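K.L.:
Requesting a structural model of the entry that follows:
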Amino acid sequence: MRLKDTTLLKALLFLILVGCENSFYLINASAMNISGVFNYQDFYLVLSFLFFVAVFFKYGKIKCQYKYMWIILAIIPLSLIASVQSLKLYGQSFVMGIRPQRFWITWALLYFPIRKMMAAKKLTIDDLIKMIYIIGTCELFLFTAQYILGRRFQFLYVNVSTRYGSDRYYFSTVMLVFLLFVNLDRIFQKRKVIISAIYIAFIFFVVMEIGKMRMTLFATIMAMLFGILLWRRGGKTKIGVLIAVAVAGILLFNTTIVQDTLMTLLEFRNDKVSATSTLAIRQYGQALYLSSLAKHPVLGCGYINSLNFNATAAAGFLDRVYLVDNGLYAFAFIYGGLGITWAVWFFGTLIRNGWKIYRERGHQFMLLIPLGWLISGQTEAHWYFNNGFIWVTILLVILEEFMKTEKGTRLSLILEGSN
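P.N.:
Numbering: from 1, shown residues only. Got it, this is the predicted structure:
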């Protein structure tokens, strides 16, 4: 039987999303990569180009609104300016500046073909959420299996270190936290409460025990608590959730990672961080970034390519200061006042529109996801680095679909059920 074009396009999008999740860490990327020349994920850039061309060839005549078009398109001049700044300040070639940003640009531009498919009624919110569920479920089982088997049988190609006396795996959790808030929203809507609670617990286990991601854990908990406070007409379900949260809070408070996170936050706030801690390095990095930014407040200090010595030295790499560990400080360092303006515009738009959807429809995940990113912004910007922005794009297209649809119209069987 001949597959429909729509099915092929959906399959291609799904494959791209899997690629953005590092192909479930089943591929030995380091064996394929040629530093500065080829990255195995360039294959997914080619797929993205094919997806873009195929969608606009097939549905190009379909009228489509792009509510977030300028937020997306502004990424291109930001990236170009950052590359020019690197050339001017460090002698780093323009290509070396723009090349590492190709993923950010590509995942952002996928907004347009995805919106086009949705306008053509060939892709729905439920299609996207189902993809997230499939990918998330696979990751939860694979990550847990790798954690149980440990280093004696490592079948996933992921970096491992030791923290709190056990292995720490450096898996990306941007999509899993996205899935967590979707499930929290389903509980608020009284949809599949038990299954959703299991997903939330499972994801917490990955973030807290397998990834040992302190700031992600803290930001997720804070955003969840805010969501529970906003929860309207929860009835007995809300009482049950509050009891479960209280019990979980008591249990979590006695864990090493939570106590360490709280102690670290207190030390950071009181400026009493141990000189040997990773947070002390981040404090130093943030001070370095701010002092550098003061010299180039508008255009920033440019994108740092790890293959350029002058650039890496200026960014503190020699002192173990890394962009990915310094959240919005690193983003401001790279893109300057222009980048800060974009970030305020970006987060302001997401949170304002997410709040509007909550007020009109009761859905919270479109509000809580960016809120979590913002809370963790002091040391994390996983939504920006590596492949995280693909999930920003997915959030934007879902948010836009809700924004353009009249109140009372059902958009998702998964989130809202049938009439």
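
K.L.:
Quick check: I72 touching L110?
P.N.:
No: because the distance of 9.4 Å does not satisfy CB atoms under 8 Å, I72 is recorded as not touching L110. Yep, even glycine has a C-beta here, placed from its N, CA and C like the rest.

K.L.:
Which strands and helices lie in contact with the longest helix anywhere in the chain?
P.N.:
Looking only at the chain and at elements set by DSSP state H, the helix with the highest residue count is helix 327-361. Judged by 3 or more CB pairs under 8 Å, 6 or more residues apart in numbering; DSSP states H and E, the packing partners of helix 327-361 are helix 69-73, helix 75-90, helix 278-295, helix 365-375, helix 389-404.

K.L.:
Check which residues of it are buried.
P.N.:
Applying a neighbour-count criterion of 16 or more other CB atoms under 10 Å, the buried positions in helix 327-361 are 327-336, 338-340, 342-343, 346-347, 349-351, 353-354, 357-358, 361.

K.L.:
From the chain's centroid, how far away is that helix?
P.N.:
With CA atoms, centre = their mean, to the nearest Å as the basis, helix 327-361 stands 13 Å off its chain's centre.

K.L.:
That helix - what's its average pLDDT?
P.N.:
Rounded to a whole number, the mean pLDDT of helix 327-361 is 96.

K.L.:
Next: stretch 286-300.
P.N.:
Averaged across stretch 286-300, the pLDDT comes to 96.

K.L.:
centre of the chain versus it, how much separation?
P.N.:
25 Å.

K.L.:
can you list contacts of it?
P.N.:
Contacting residues not belonging to stretch 286-300 are listed as 81-82, 85, 89, 301, 314-316, 321, 326, 329-330, 332-339, 378 [CB atoms under 8 Å, 6 or more residues apart in numbering].

K.L.:
Point out where this structure drops to low pLDDT.
P.N.:
Counting by pLDDT under 70, the chain contains low-confidence residues at 1-3, 36, 233-236, 249-277, 408, 417-419.

K.L.:
Distance check, the residue lying closest to Y44 once chain neighbours are set aside against A314.
P.N.:
On the basis of CB to CB, 6 or more residues apart in numbering, the spatially nearest residue to Y44 that is not a chain neighbour turns out to be G19, at 3.5 Å. Shown here: G19 relative to A314, a distance of 32 Å by CB to CB, to the nearest Å.

K.L.:
Please apply the same query to C301.
P.N.:
The span separating C301 from A314 equals 7 Å under the rule CB to CB.

K.L.:
go on, A381?
P.N.:
The gap separating A381 from A314 is 19 Å, by CB to CB.

K.L.:
Could you do A108 as well?
P.N.:
Relative to A314, and taking CB to CB, A108 is found at 26 Å.

K.L.:
ok, now G337?
P.N.:
Using CB to CB, one gets 18 Å for the distance from G337 to A314.

K.L.:
same question, Y329
P.N.:
Distance, Y329 to A314, by CB to CB: 15 Å.

K.L.:
for G136, same thing?
P.N.:
G136 sits 38 Å away from A314 when distances are taken as CB to CB.

K.L.:
residues contacting I304?
P.N.:
By CB under 8 Å, 6+ apart, the contact set of I304 is S86, Q92, A311, T312, A314, A315, F317, L323, I334.
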